[in-house]
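Participant: Compute the structure for the input listed below.
(2 chains, ligands or ions: 4)
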Amino acid sequence: MDKPFAITLDVGSSLANHTGSWRTRRPVYVDRLPPCNATCPAGENIQGWLFHAESGDYETAWRKLTEENPLPAIMGRVCYHPCEGACNRGRLDESVGINAVERFLGDEALKLGWRFDAPAAASGKRVLVVGSGPAGLAAAYHLVRSGHAVEIREAAAQAGGMMRYGIPKYRLPRDVLDAEIARIVELGVKLRLNQPVEELEPLLGEFDAVFLGVGAHLAKRAYIPAGDASRILDAVSVLHGMEGSTDELKPLLGRHVVVYGGGNTAIDVARTAKRLGAEESIVVYRRSREKMPAHAFEVEEALQEGVQMKWLATVKEAGAGEVMVERMVLDEKGFPQPTGEFERIEADSLVLALGQETDLSLLQKLAGLNIRDGLVEVDAGMMTGHRGVFAGGDMVGNERTVTAAIGHGKKAARHIDAWLRSEPRVPAPKHALATFENLNTWYYADAPKTMRPMLDIVRRQSTFDEVLGGLSEENARFEARRCLSCGNCFECDNCYGVCPDNAVIKLGPGKRFQFNYDYCKGCGLCVAECPCGAIDTMAEDI
Amino acid sequence: MSHQPVKFYQTGTFTVGNRLLAPEQRSVQASAKRYNSLNSGHRACQGCGEALGARYAIDAAMEATHGQLVAANATGCLEVFSTPYPETSWQVPWIHSLFGNTAAVATGIAAALRVKGKAVRVVAQGGDGGTTDIGFGCLSGMFERNDDVLYICYDNQGYMNTGVQRSSATPPAARTATTMAVGVEPGNVFGQGKFVPAIAMAHEIPYVATATVADLRDLEAKVARAMELHGARYIHILVPCPLGWGSASDQTIQMARLAKETGLFPVFEAEGGEIKSALKIRKPLPVEDYLRPQKRYAHLFAPTLRADVIERLQGIADRNIRKYGLLEENP
Ligand SMILES: Cc1cc2nc3c(=O)[nH]c(=O)nc-3n(C[C@H](O)[C@H](O)[C@H](O)COP(=O)(O)OP(=O)(O)OC[C@H]3O[C@@H](n4cnc5c(N)ncnc54)[C@H](O)[C@@H]3O)c2cc1C
Ligand SMILES: Cc1ncc(C[n+]2csc(CCOP(=O)(O)OP(=O)(O)O)c2C)c(N)n1
Ligand code: SF4
Ligand SMILES: [Mg+2]
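Facilitator: Ligands and ions are numbered 1, 2, ... in the order given. Okay, the predicted model is just below:
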């Protein structure tokens, strides 16, 4: 042994010393459920598609998005985005503009002509979808992608349901609607228009399963004493009439319009009336502004356009050219109570926007159905009491949004698929929620939310041009990058960097990281310094 | 500042890496091929700030010199936990000096390399005890001769390796084995100790900087800048010690962050004796937020709250904020 003076042992590396044996707790990588995803009625993997948008890979982002929801350009316009309300970034500065990015992706897809992947191999099964609203379209999309033959029967002359016959053009331009529907039809969905299903029962033999998405189109009425000369209309018909091909078919509302109700439909009618040239468009609602079911931003936009609001008032009587309203006060429980004070307001027409219910006449002969409060009851797999008949959208729930309908359609389609294949559907277990407390927000740079441009006010009062603009590519990417990636590794290298023991292995782009438990002493630094809460710890059995 | 902060890429410059940045804009520590100059298997405590700071700094120096580096190391935790004979964690030519002479040893190595005509660079490193106390004479000599050495002090505010004794870098009020939490002025006394970065500046050497393990990008940029220059350079890195400070092992980086954010530890950079820039406080915080989680300050909170002592410590932070301009002008 030839060693230098005073050296008796071979030099060795400390790698021989497995300090992992010191550990009492071990870090583990986890995926937590981001609050946006948890809240999305359509079950979108929002954080997942934002991740791709952040790197500018919009097509992958769009594909990830449309795994769950085939209508992103529509979503990015009409969705009430509960995701943004739940977004953890809201507690830091402002929520991520998820809806705006979704619209950007949707519009980008339309602009560049992205197509859905071809459906899976044909299953040989036939499914009837009744109604081409968002519920029906979503169900058809997912069913056809799973390889089933789908036929939609639609009573109206055009597809889209309330997205066409309810939501006004200034919020959802029809070219966008048409293009997103066409992309679904292109997958091989048979869309039969002007085909009302009057009786479902006889059709059952022709199909292996049925999905019902007939919506809720019957206007609710209130008893209002009315003179012969009064003109009383209902909101759904007025908005439906707006789809008339020529101006003569457009509803005649007059110069003074009173809309009765406090929901989004009331606001849409009032804004439509304004655009049709009404000098005065007044919403009469029996409770206070705070209690309005309409979304605050819609009320705000209506006010900006000159729509007037009469809160705490009920319509008592409709006469020639006027209506009489009674002032209300809220009692201590928050219910409106009459005051006996009356007022007359000019009104060439009175439009009732008091909600809608479902026309269930097509289901009369169907055995086993349960109807409660006008809604068809479905089980956890969206199946009605009649085996093989599934339902979703406005006819089954009171949430009544496009997004909820799309979520129902998707869920039903997945259960129909399992049912047709006689396999039980086992949904993947849900991850634990990624809470704000799971995050280390130090790491996120301050970045205010990007606002979408609004059409100028004059055009908002006189045309049906779209009110809300879209984001530029640069702004959309910025907005996507505001995402905190709650609960899901976004490869920031923090764990890899902050480990004093080099016990984190970097696996390379897209592959995330791995712990080297030979050396991890269990200090927990990676857990504390992970910005997005994607590392948990568990006790070692010792 | 010698490094350009990335204004906005999801997490700005705060995280170690960033998949959205071009590779050349990423930190040294983010690289899968980083040197790991201080390798796994070392015997530092769980969550040791010194082990982390040493890897950050030496990896950055290795990167800057393309691996042409020699390190001299004073006695202290860093030497003891990394190199129990015959094993070592160092993946860089490394020599253990005495406790007090590492600056002189490094000077000698630099002189030898110059004579041999080798373009190999030299760092010296030691703890606060080895730097601000026993090694201070050698260090000052190295400074005044402007020897071509980068000296890195890993400041954990005490003699940790021998059981947490006070050093001249131990802050006032902190409890150590030799400044017990007893009497009317429990813990280390006020009005003693020294801040070596300021003394280093007084030597008007080419480069002096402070850094912490909580601001990696800043630390790396400072090491890189130091390696661009020749002559005597000094970097003083705050490296929390979970054992000596009585802080949780997963809070090491957070402690360093709080030291900087409260103003108790000013993070700045000076060239030729003049301050060039200071790292601004992002979210101003009272010193109490920094003191409370550390057991070495427990006597300030129980059995009675020593608001008077906390007030004096706050005074130190406030003075640093004024003196080094730590607050953003237009927040
Ligand atoms: C004015 C207005 C504005 C709205 N704005 C928004 C909004 O901004 N955001 C939002 O999320 N939600 C909004 N909603 C709610 C949303 O439009 C509905 O919740 C959603 O469209 C319900 O989808 P669905 O598929 O269940 O039914 P629908 O969209 O109502 O579609 C049902 C379809 O079934 C067809 N059909 C009915 N009966 C038969 C039959 N017997 N045979 C064949 N076809 C039949 C109908 O013609 C229709 O096309 C709005 C609603 C209204 C009325
Ligand atoms: C001349 C001499 N005196 C005392 C010691 C014992 N000793 C070894 S390490 C150390 C303390 C080191 O403190 P510091 O330099 O702050 O490094 P740390 O361990 O805190 O990282 C002491 C006193 C020694 N090795 N040499
Ligand atoms: S920050 Fe991103 S992942 Fe977290 S809730 Fe908001 S959008 Fe979802
Ligand atoms: Mg020390």
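Participant: The lengthiest helix in chain A and ligand 1, any residue contact?
Facilitator: Looking across chain A with DSSP state H, the single longest helix is helix A:402-420. Yes. Using CB under 6 Å from any ligand atom, helix A:402-420 reaches ligand 1 at A:402-403, A:405. C-beta here means a position set from N, CA and C on the backbone, and glycine is covered the same way.
Participant: Between those, which sits nearest chain B?
Facilitator: A:Thr403 (26.4 Å; CB to the nearest CB).
Participant: what's the neighbour count on A:Glu332?
Facilitator: 5 (other CB atoms under 10 Å in any protein chain shown).
Participant: secondary structure class for it?
Facilitator: Following DSSP: H, G, I helix; E, B strand; the rest coil, we place A:Glu332 in the coil state.
Participant: Need the per-residue pLDDT for it.
Facilitator: A:Glu332 is assigned a pLDDT of 92 by the prediction.
Participant: Kindly indicate whether the residue nearest the centre of chain B is helix, strand or coil.
Facilitator: Nearest residue to the geometric centre of chain B (CA atoms, centre = their mean): B:Ile237, 1.0 Å. Judged by three-state DSSP, the three-state class of B:Ile237 is strand.
Participant: Run a quick check on it versus B:Cys153, I expect a contact.
Facilitator: Yes. Between B:Ile237 and B:Cys153 there is a contact at 6.9 Å, judged by CB atoms under 8 Å.
Participant: so A:Leu303, which of the three states?
Facilitator: Secondary structure for A:Leu303, judged by three-state DSSP, is helix.
Participant: you'd agree it is up against A:Trp311?
Facilitator: No. Counting by CB under 8 Å, A:Leu303 does not reach A:Trp311; the two are 11.8 Å apart.
Participant: more crowded one of those two?
Facilitator: A:Trp311 (19 against 14).
Participant: residues in contact with the more buried one?
Facilitator: Applying CB atoms under 8 Å, 6 or more residues apart in numbering or on different chains to A:Trp311 gives the contacts A:285, A:287-289, A:292.
Participant: Neighbour-wise, which one of those residues leads?
Facilitator: The most crowded member of the contacts of A:Trp311 is A:Tyr285, carrying 27 neighbours; neighbours defined as other CB under 10 Å.
Participant: Hmm, A:Lys310 and that residue touching each other?
Facilitator: Yes. At 7.1 Å, A:Tyr285 counts as touching A:Lys310 under the criterion of CB under 8 Å.
Participant: what about whichever residue of the stretch 201-350 of chain A sits closest to ligand 3, which SS state?
Facilitator: For the stretch 201-350 of chain A and ligand 3, the shortest gap (CB to the nearest ligand atom) falls at A:Phe297, measuring 18.9 Å. Using three-state DSSP as the criterion, the local structure at A:Phe297 reads helix.
Participant: count of residues packed around B:Asp133?
Facilitator: For B:Asp133, using other CB under 10 Å, the count is 18.
Participant: cool, A:Arg421 as well?
Facilitator: A:Arg421 has 14 neighbours, counted by other CB under 10 Å.
Participant: Retrieve the pLDDT associated with the closest residue to it other than its chain neighbours.
Facilitator: Nearest residue to A:Arg421 in three dimensions, chain neighbours excluded: A:Ser123, at 7.3 Å (CB to CB, 6 or more residues apart in numbering or on different chains). The model reports A:Ser123 with a pLDDT of 96.
Participant: Might one say that A:Ser123 is in contact with A:Glu423?
Facilitator: No. Taking contacts as CB under 8 Å, A:Ser123 lies outside contact range of A:Glu423: 11.9 Å.
Participant: who has more neighbours, those two?
Facilitator: A count of neighbours by other CB under 10 Å puts A:Ser123 above the other of A:Ser123 and A:Glu423, at 17 against 9.
Participant: wait, what's in contact with the more buried one?
Facilitator: A:146-148, A:420-421.
Participant: Just the buried subset of these, written out for ChimeraX, thanks.
Facilitator: Selecting only the buried entries of the contacts of A:Ser123 in ChimeraX, with 16 or more other CB atoms under 10 Å in any protein chain shown as the criterion:
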select /A:146,147,148,420
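Participant: what stretches of the stretch 151-300 of chain A score poorly on pLDDT?
Facilitator: A:245-249 (pLDDT under 70).
Participant: Quick check: residues of it near chain B?
Facilitator: Taking CB under 8 Å from any CB of the partner chain, no part of the stretch 151-300 of chain A reaches chain B.
Participant: which residues of the stretch 151-300 of chain A fall in strands?
Facilitator: Along the stretch 151-300 of chain A, counting by DSSP state E, counting those that start in this stretch, strands occupy A:190-192, A:209-212, A:218-219, A:232-234, A:256-260, A:280-284.
Participant: Tell me how many other residues crowd A:Gln514.
Facilitator: 12.
Participant: Check A:Lys190 too.
Facilitator: 15.
Participant: Next up, the contacts around it.
Facilitator: Counted by CB under 8 Å, 6+ apart, A:Lys190 has contacts A:149-152.
Participant: Go through the residues you listed and name the one nearest ligand 4.
Facilitator: Nearest to ligand 4, judged by CB to the ion, of the contacts of A:Lys190 is A:Val150 at 72.3 Å.
Participant: how near is that closest one to A:Gly409?
Facilitator: Using CB to CB, to the nearest Å, A:Val150 is found at 11 Å from A:Gly409.
Participant: These two: which is more packed in?
Facilitator: Taking other CB under 10 Å, A:Val150 and A:Gly409 do not tie; A:Gly409 has more neighbours (32 against 29).
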